[in-house]
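Engineer: got a predicted structure here, sequence first:
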Amino acid sequence: MVNGESGVATITHFDITEFATKIAAEVKDFKSEDWLEPKEAKRVDRFIAFAVAASIMAMEDCGIKPDKELSEEFGVLIGSGIGGLTFLGEQHRRQIANGPSRVSPFLVPYMIPDMASGYVSIVHGLKGPNTCVVTACSTGTNAIGDAYHIIKRGDATAMLAGGTEAPINEISLAAFAAARAMTTNNDDPDHASRPFDLLRDGFVMGEGAAVLVLEDRDFAISRGAKIYGEIIGYGMSGDAYHITQPAPHHEGAVRSMKMALRTAQIEPNQVSYINAHGTSTPINDRNETFAYKQVFGDFAYKVPISSTKSMIGHMLGAAGAIEALICLKAMKESIIPPTINYEVKDPECDLDYVPNTARHQKIDICLSNSFGFGGHNATLVLRNVS
């Protein structure tokens, strides 16, 4: 991301001949057997394997090995927007070809979105609060925000929190194509995702997972934890408007951001960087820009804003989690990732989107936004502690 490199390429997961969109941001060279027992690796849906891999990385990085007492105070909240659609598609084809008796008994548990949390809790023996968020593209942000509240109210000492998604399959691609939400710029994958650019024509599907370890502040300090940042604010709202389109002028996003800033007890002009939802769809990017002007006033033209979906595509339920992770890394390393492919200015999208080149800058406070189908809006405020 610092180098502004795109991860978008032609889809390799399945035959794309008949599909209008033929590109996505696939996770390269991922092998489930590197993270799961061989028998399990063969049958679990990819979204579960992603979550397990990310959780193992997170636990190794944080250095916690929960004993019996801590395991009962250590929870899991990993969301997924659509769950195991790949496994569902495979089993549906098996039923059509061979009859209902040939459907796997694992279909239901490996399809339902909550199984990422459930499976991860089993892998690590975590017996604290165990739940799941399903709020479309806001899922990852809501998962982290809700886990933050679980710790804050004293129901857990630590939580694994984040999002996971593996939507690059036939039925998912066909469905989003039918909704006319995705780009068809198949001949130029590197430049297909172009948030806030005048020539944007839809989002690029991505996949993956991000899992963070959230800890009670005093506990983290007492054990000498490696702290990447602090959650200081969380906001969420509903549009009550339309199943897919945002409310006029993105007023739901405005309320979500204002709530997050209010709970963080900071003023808008204290924000150093915004990681935008920025999907590269015409309506969303325009409305999101308007929302920033409503919340930040004249400061909207001064605060750096970037959409990292320009490089990794839209990971749906995992997007908010990976973007929170990006904010934490940006603060730690004092580097704002760019919005790549920003070439033709849109007069309605006229803010500082950190075009094409990363920017070295000290970052004290980040704001991360996610907005989902169904009118779900979620915002996190993160603070630099270094």
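Structural biologist: Thanks, I have it.
Engineer: and the longest helix for this protein?
Structural biologist: In the chain, assigned by DSSP state H, the helix with the most residues is helix 46-62.
Engineer: what is the burial count for N269?
Structural biologist: Neighbour count of N269, defined by other C-beta atoms under 10 Å: 11. Yep, even glycine has a C-beta here, placed from its N, CA and C like the rest.
Engineer: and what of S80?
Structural biologist: Neighbours of S80 (other C-beta under 10 Å): 33.
Engineer: contacting residues around the nearest residue to it once chain neighbours are set aside?
Structural biologist: Using C-beta to C-beta, 6 or more residues apart in numbering and skipping the chain neighbours, the partner closest in space to S80 is P113 (4.0 Å). Residues in contact with P113 (C-beta atoms under 8 Å, 6 or more residues apart in numbering) are 79-84, 132, 134, 317.
Engineer: so who does the spatially closest residue to Y241 that is not a sequence neighbour touch?
Structural biologist: With sequence-adjacent residues excluded and distances taken as C-beta to C-beta, 6+ apart, Y241 is closest to A247, at 4.1 Å. By C-beta under 8 Å, 6+ apart, the contact list for A247 reads 239-241, 375.
Engineer: for H250, same thing?
Structural biologist: Contacts of H250 (C-beta under 8 Å, 6+ apart): 287-288, 290-291, 294, 371.
Engineer: if we go to 7 Å?
Structural biologist: 287-288, 290-291 (C-beta atoms under 7 Å, 6 or more residues apart in numbering).
Engineer: state the distance from it to R93.
Structural biologist: In this view, H250 and R93 are 40 Å apart by C-beta to C-beta, to the nearest Å.
Engineer: now the contacts of A247: which count as buried?
Structural biologist: Taking 16 or more other C-beta atoms under 10 Å as the criterion, what is buried in the contacts of A247 is 239, 375.
Engineer: go through the contacts of A247 and say which is closest to H13.
Structural biologist: Closest approach between the contacts of A247 and H13, by C-beta to C-beta: G375, at 30.5 Å.
Engineer: quick one: the closest one and S172, what's the gap?
Structural biologist: 21 Å.
Engineer: name the residues of the following helix or strand past the longest helix of the chain that come out as buried.
Structural biologist: Downstream of helix 46-62, the next assigned helix or strand under DSSP states H and E is helix 68-71. The neighbour-count check on helix 68-71 (16+ other C-beta under 10 Å) flags 70-71 as buried.
Engineer: assign I231 to helix, strand or coil.
Structural biologist: Following DSSP: H, G, I helix; E, B strand; the rest coil, I231 is assigned to strand.
Engineer: quick check, nearest of the contacts of H250 to I305?
Structural biologist: The closest of these to I305 turns out to be E288 (C-beta to C-beta; 9.0 Å).
Engineer: residue contacts, the closest one?
Structural biologist: Counting by C-beta under 7 Å, 6+ apart, E288 has contacts 250, 253, 276-278.
Engineer: let's have those in TSV, adding pLDDT and distance to G162.
Structural biologist: Output for these, formatted as TSV (pLDDT from 0 to 100; distance: C-beta to C-beta, whole Å):
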residue	pLDDT	distance to G162
H250	92	25
A253	98	22
A276	98	19
H277	98	17
G278	98	20
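Engineer: can you add distance to E60 and give the contacts of P113 back as TSV?
Structural biologist: Formatted as TSV, the contacts of P113 follow (distance: C-beta to C-beta, whole Å):
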residue	distance to E60
G79	22
S80	22
G81	26
I82	28
G83	26
G84	26
C132	23
V134	28
G317	24
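Engineer: can you flag the buried ones in those residues?
Structural biologist: Buried among the contacts of P113 (16+ other C-beta under 10 Å): 79-84, 132, 134, 317.
Engineer: out of these, the closest to D146 would be?
Structural biologist: For these, the nearest to D146 is G79 (8.7 Å; C-beta to C-beta).
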